[in-house]
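Chemist: Provide a 3D model corresponding to the input given below.
(chains A and B)
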There are 2 protein chains.
Amino acid sequence: MLYLVGLGLGDAADITVKGLQAVKRCSRVYLEAYTSILTVGKEALEEYYGKELILADRDLVEQGADEILKGADVTDVAFLVVGDPFGATTHSDLVLRAVNAGIPYKVIHNASIMNAVGCCGLQREEDLRASSLHDGQSGCRSADSDHPEEERGGGGASDKSQSAVLRPASLPTPGVTEDTVCVGVARLGADDQVICTATLQQLVSCDLGGPLHSLVVTGRLHPLEVDMLRMNAKPNALQHLRMVDSSTYCS
Amino acid sequence: MLYLVGLGLGDAADITVKGLQAVKRCSRVYLEAYTSILTVGKEALEEYYGKELILADRDLVEQGADEILKGADVTDVAFLVVGDPFGATTHSDLVLRAVNAGIPYKVIHNASIMNAVGCCGLQREEDLRASSLHDGQSGCRSADSDHPEEERGGGGASDKSQSAVLRPASLPTPGVTEDTVCVGVARLGADDQVICTATLQQLVSCDLGGPLHSLVVTGRLHPLEVDMLRMNAKPNALQHLRMVDSSTYCS
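Modeler: Just a heads-up that it's a prediction; the model follows:
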């Protein structure tokens, strides 16, 4: 059996009980180490699981899938992915290769930035548009070298952004300006997570600390969303908010 | 401390290790019982956690929040939510009440249908639009009475849909017809989950079994997405697929 196990966001204890049980029974455990990272490194995970982990870089996953799948028809192999296993095309490819080789697979889901970012207070009930956030697009000055151990632990992850942009209201043309209210999110799910609501201009001088980072660009907001944003807002950040028409409140 | 703990999708073991640790140390544990359900009931969760659970229906959460938060400044209280805690506006409201009362809170995230539905093979890399799926919108005939125990276990949940619609390519006007390729998803994350790719017309006569159900409406597809869909496709379901222009493949 090939287990694709989501590790969630944060640290070693964010794995699900079901995921941990699967890891413990596997004869080989790979840690996907290039689409994202946890705030703890490989060694911390190995200690927590009581298992040796094999770092799977992009080359191994894309070119060496046969090595990962070897023997998975007769033994159990786990493939660990930060967040949920289906955040990246690459893992669909691994599943297809398993199926073509007659290897059964099971997905053990977990939180990813795509759903967990809801904790910043923006809702997705009416109309949500999400797209990948590219490196460096956040406009946040981040101290990339704050957590060198974590970066090593991640095994050379090249993408330090948790990728999610939510625009909760319909926004065919974003029309983002320096006054647009955005939410900077850092290390979501970790004990030292930071959520900072500010205008894009204010975020330029906002140091959110080490990776991972996400940027949420707000659209038209519901009053309850504003209340949630206010909890972590910079002074004067919310004066340019665009509100949904009161007749469309979803209450 | 108020802990908002996501239970993920599936059964009792889909809670995270961190979430389970929090539940075990809480003096009161509420189970939010109206926005979604697990495939196991309250009793199974109580046995698994070794804790008595208090069912929190809509009235209690929306009108009796003070009761939930009572004493949470000096003791630990958990509020359990199927999926991730921030799928519903109601839980933002609970957080705001806690903050206003000076009660610290912590969110322990988990998988929800919003991200886990990625396992059907559709990617969210290019442009994703997701919106809530309303009851009965799926066009699937489902045997609602197949799992009466689960429904009781859910404590009278009125919404039996896991709510997520992904349209992976840009589709300003959906233009859904009976030939539109859709993916019917049932009990995602459970051992007996069903993923069925078919035209909307074919899905009308497709019994996916008991709740929860989701419907994914496809847009223009990448070849890798088609390969993934083919694994669970009805005969002839994919003959009307719309593909992305080859020049836009994200490969």
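Chemist: quick check: A:Asp93 touching A:Ile68?
Modeler: No - checked against CB atoms under 8 Å, the pair A:Asp93 and A:Ile68 is beyond contact range at 11.1 Å. In short, each C-beta sits where N, CA and C put it, glycine included.
Chemist: between the two, which is the more surrounded one?
Modeler: Neighbours per residue (other CB atoms under 10 Å in any protein chain shown) separate A:Asp93 from A:Ile68, with A:Ile68 holding more: 20 against 16.
Chemist: quick one, what contacts the more buried one?
Modeler: A:Tyr30, A:Ala56, A:Leu60, A:Val61, A:Val77, A:Phe79, A:Leu94 (CB atoms under 8 Å, 6 or more residues apart in numbering or on different chains).
Chemist: element containing it?
Modeler: According to DSSP states H and E, A:Ile68 maps onto helix A:65-69.
Chemist: what are the ranges of the strands in chain A?
Modeler: Secondary structure of chain A by DSSP state E: the strands cover A:2-6, A:28-32, A:54-56, A:77-81, A:105-108, A:128-130, A:166-167, A:181-186, A:194-199, A:213-217.
Chemist: weakest of the ones you listed by average pLDDT?
Modeler: Lowest mean pLDDT of the strands of chain A: strand A:128-130, a mean of 41.
Chemist: which regions of the stretch 1-150 of chain A lie under the pLDDT threshold?
Modeler: Low-confidence segments of the stretch 1-150 of chain A (pLDDT under 70): A:124-150.
Chemist: hmm, I typed the wrong one, I wanted the stretch 151-251 of chain A.
Modeler: Looking at the stretch 151-251 of chain A by pLDDT under 70, you get A:151-174, A:245-251.
Chemist: helices along that one, start to end?
Modeler: A:200-204, A:223-230 (DSSP state H, counting those that start in this stretch).
Chemist: A:Leu20 and chain B, how far apart?
Modeler: 6 Å (CB to the nearest CB, to the nearest Å).
Chemist: wait, doesn't that residue sit right on B:Thr16?
Modeler: No - A:Leu20 is beyond contact range of B:Thr16, at 9.1 Å (criterion: CB under 8 Å).
Chemist: which strand residues bridge A:Arg28?
Modeler: A:Val77 (DSSP bridges).
Chemist: quick one, domains of chain A?
Modeler: Using automatic domain parsing, the domain ranges for chain A come out as A:2-108, A:113-248.
Chemist: ok, back up a step: and the helices of the stretch 151-251 of chain A as CSV, adding mean neighbour count?
Modeler: Converted to CSV, those look like this (neighbours: other CB atoms under 10 Å in any protein chain shown):
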stretch, mean neighbour count
helix A:200-204, 18
helix A:223-230, 19
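Chemist: need those helices in JSON lines (columns: distance to chain B).
Modeler: What follows is the helices of the stretch 151-251 of chain A, written out as JSON lines (distance: least, CB to the nearest CB, whole Å):
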{"stretch": "helix A:200-204", "distance to chain B": "21"}
{"stretch": "helix A:223-230", "distance to chain B": "5"}
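Chemist: B:His240 is nearest to which of the ones you listed?
Modeler: helix A:223-230 (38.5 Å; CB to CB).
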